[in-house]
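>>> sharing a model that was predicted from the sequence below.
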Amino acid sequence: MSRTPSFIATPIAMARLPRLYAPRTAQLVQTRFAHPLAAPGAPSPVAELDQLTAWLQESARENRIAVHGWALLADQAVLLATPPGPDALPRFMQAFGRKFASRLRHGRVFAGRYRSALVEPGRWILPALIWLESLPVGYGYVDQAQTWPWSSAAGHIGVDAHRNAWLTDHPDYWQGGNTPFARQAFYRQMLGHGLGAAQGQRIEQALFGQWALGEPAFLAQLDTTASRRLAPAPRGRPRKVFKEEAPAIDGE
């Protein structure tokens, strides 16, 4: 099952990267709150989480963001979404932050910039959904992901479809079956099984570094359309390439 992400505990200073974007590509997004809604071990702040849920919906609708999955915790918001253009996701986060700051918390509401990672379809979309929906389990809020009211987990297994009616199912979710019941059953099995440690680590590393989450073929495909480099540069100095010395020619 999911565990508390390792990248959250130890912030590391790093260069400010331009936002990573590629057309028609989903992004895993995480923003942490400057001031948690509740202390660890305290009862869940029901009214505040409900209000934040409504603002997520409003902001997504205003900016035409297709949200495929989401999770709200006392100290963060995480979602998987496909923006319609390079500026849509930043506008969405700004709109969500303005509502948060003007009506619930005054002043700074986010602990720094949000993090995001492009996600490869066909291979990493469902693991990314399982990862974010399992965060409440990893933090010890609930024993089963679908029992946390402030996430898309229940909707994906058919328990709370009304609360998640604002979501747009990703095509990868539809690959789980030919009927809603089959898709829900397939996803329920995946959610119950959880992720392996290696999968979770890959997701966390991509999100922490704000890179693309995918295999080499996916990175190569996006190389010409992405807004910036998709993966970290190799460590160390570039290897020097020496040209072979040409043979001497008499008279030169």
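Yep, that arrived.
>>> got the buried residues for the helix or strand harbouring residue 59?
Counting by DSSP states H and E, the element that carries residue 59 is helix 46-62. Buried residues in helix 46-62, counted by 16 or more other Cβ atoms under 10 Å: 48, 49, 51, 52, 53, 55, 56, 57, 59, 60. C-beta coordinates here come from the backbone N, C-alpha and C atoms, glycine included.
>>> if you tally nearby residues, what's the number for residue 107?
Residue 107 has 7 neighbours, counted by other Cβ atoms under 10 Å.
>>> which strand or helix spans the spatially closest residue to it that is not a sequence neighbour?
Leaving aside its sequence neighbours, residue 107 sits nearest to residue 101 (Cβ to Cβ, 6 or more residues apart in numbering; 6.7 Å). Per DSSP H and E: residue 101 is located in helix 88-103.
>>> now that helix: average pLDDT?
Mean per-residue pLDDT for helix 88-103: 93.
>>> and it, what's buried?
Buried-residue list, helix 88-103, by 16+ other Cβ under 10 Å: 88, 89, 90, 91, 92, 93, 95, 96, 97, 99, 100.
>>> next one: stretch 161-168
163, 164, 166, 167.
>>> next, the distance between the ends of it.
Counting by Cα to Cα, to the nearest Å, you get 12 Å between the two ends of stretch 161-168.
>>> tell me the gap between that stretch and the middle of its chain.
18 Å (Cα atoms, centre = their mean, to the nearest Å).
>>> stretch 21-32 now?
Centre-to-centre, stretch 21-32 and its host chain are 6 Å apart (Cα atoms, centre = their mean).
>>> do the same with stretch 46-64
Put simply, stretch 46-64 sits 17 Å off its chain's centre (Cα atoms, centre = their mean).
>>> try stretch 169-178
Remark: stretch 169-178 is offset 18 Å from the chain centroid, using Cα atoms, centre = their mean.
>>> from start to finish, how long is stretch 34-52 in a straight line?
15 Å.
>>> residues in contact with that stretch?
With Cβ atoms under 8 Å, 6 or more residues apart in numbering as the test, stretch 34-52 has contacts from 72, 74-75, 77, 100, 103-105, 107-111, 141, 149-150.
>>> 7 Å instead?
By Cβ atoms under 7 Å, 6 or more residues apart in numbering, the residues outside stretch 34-52 that reach it are 72, 74, 75, 100, 104, 105, 108, 109, 110, 111, 150.
>>> please apply the same query to stretch 177-191.
Under the contact criterion Cβ under 7 Å, 6+ apart, stretch 177-191 has outside partners 126, 130, 133, 145, 146, 153, 156, 157, 158, 173, 174, 176.
>>> what helix or strand does the second one sit in?
Which is residue 130. Residue-wise, residue 130 maps onto helix 125-133 under DSSP H and E.
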